[in-house]
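S.K.: just the structure for this:
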Amino acid sequence: MRCAEIKCPKGKEPIACTATNTGNDCQACPTGTFADTETFRKRREDVFGNCEMKTCQTMRSCTGDDIEVLQYGNATENTKCKCTKANHKFNEESEECYHNDENSKDSKKSLIVIVAVCTSIAVFIILIVLGLYGYYRVKRRDNNRRDDGCFSWYKSRISQCIPRRNDRSNINDGNRANNQQQPLDDEEHGVVIPTRG
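M.R.: Numbering: from 1, shown residues only. Here you go, the predicted structure:
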């Protein structure tokens, strides 16, 4: 008698094939086993007529150093384990605990982000300060030019109205010289100078 080919849903497996039973049925996974995918039995293409089977698998025991059960499994899900040491993570493939580098990577990423943000803020503040300083210098230079222009105009107007001290002394000295050197016109002023005979 040849065994029947059959597929079973998750949580079940094909029944055993015997001399009196072709195994054309499914049964629930036994205690301590699970099937999170479909199970099956199919014949191989060989002269012996052997079958290829996929049945329920044994659950994890979560035994070992620093390992304990996180969640017990059932017929469709394996048992989940966890590590008791801090910063350690359970590897489901090797079923061992290893140091978790993701936390340190996350902390490094967070630190990099914080440094980048602080640097951007500092550069922004520096640019604002430099901009204000440049504006202040330009404004101050313009004010100085305006003040120099007004003062120059004021000095030129004053110099036109009021002669300098040296200029006034020169004018007075010139007037004295002209008064001393200017001859008297006797006839013009009607003055008669008597002559000795």
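S.K.: residue contacts, the closest residue to His88 other than its chain neighbours?
M.R.: Nearest non-adjacent residue to His88, counting by Cβ to Cβ, 6 or more residues apart in numbering: Cys97, 4.6 Å away. Where C-beta positions appear, they are placed from N, C-alpha and C, glycine not excepted. Taking Cβ atoms under 8 Å, 6 or more residues apart in numbering, we find Cys97 in contact with Gly64, Asp65, Asp66, Ile67, Cys83, Lys85, His88, Lys89, Phe90, Asn91.
S.K.: redo that, cut-off 10 Å
M.R.: 64-67, 81-85, 88-91 (Cβ atoms under 10 Å, 6 or more residues apart in numbering).
S.K.: quick one, what contacts the nearest residue to Arg43 once chain neighbours are set aside?
M.R.: Excluding the flanking residues, the one nearest Arg43 by Cβ to Cβ, 6+ apart is Cys51, at 5.3 Å. If a contact means Cβ under 10 Å, 6+ apart, then Cys51 has Arg2, Cys3, Ala4, Glu5, Pro14, Cys17, Gly23, Phe40, Arg41, Lys42, Arg43, Arg44 as its contacts.
S.K.: Provide the secondary structure category for the residue nearest to His88.
M.R.: strand (DSSP: H, G, I helix; E, B strand; the rest coil).
S.K.: so what sits opposite it in the bridge?
M.R.: Beta bridges link Cys97 to Phe90 when assigned by DSSP bridges.
S.K.: distance of it relative to Arg60?
M.R.: Going from Cys97 to Arg60 by Cβ to Cβ, to the nearest Å gives 13 Å.
S.K.: residues shared between the contacts of those two?
M.R.: Ile67, Cys81, Phe90.
S.K.: quick one: which of the residues you listed is nearest to Gly131?
M.R.: Nearest to Gly131 among the shared contacts of Cys97 and Arg60: Phe90, at 56.1 Å, using Cβ to Cβ.
S.K.: circling back: quick one, phi psi at the residue nearest to Arg43?
M.R.: phi -110, psi 150 (degrees, to the nearest 10).
S.K.: which residue ranges make up the domains of the chain?
M.R.: 6-100, 106-168 (automatic domain parsing).
S.K.: mean confidence for the first one?
M.R.: The pLDDT scores in domain 6-100 average 89.
S.K.: now do the shortest one
M.R.: The average pLDDT within domain 106-168 is 72.
S.K.: circling back: which of the domains of the chain sits most buried?
M.R.: domain 6-100 (a mean of 14; mean count of other Cβ atoms under 10 Å).
S.K.: between the two ends of that domain, how far is it?
M.R.: 43 Å (Cα to Cα, to the nearest Å).
S.K.: for Ala4, see how far away the residue nearest to His88 is.
M.R.: With Cβ to Cβ as the criterion, Cys97 and Ala4 are 44 Å apart.
S.K.: cool, Lys89 as well?
M.R.: Distance from Lys89 to Ala4, by Cβ to Cβ: 44 Å.
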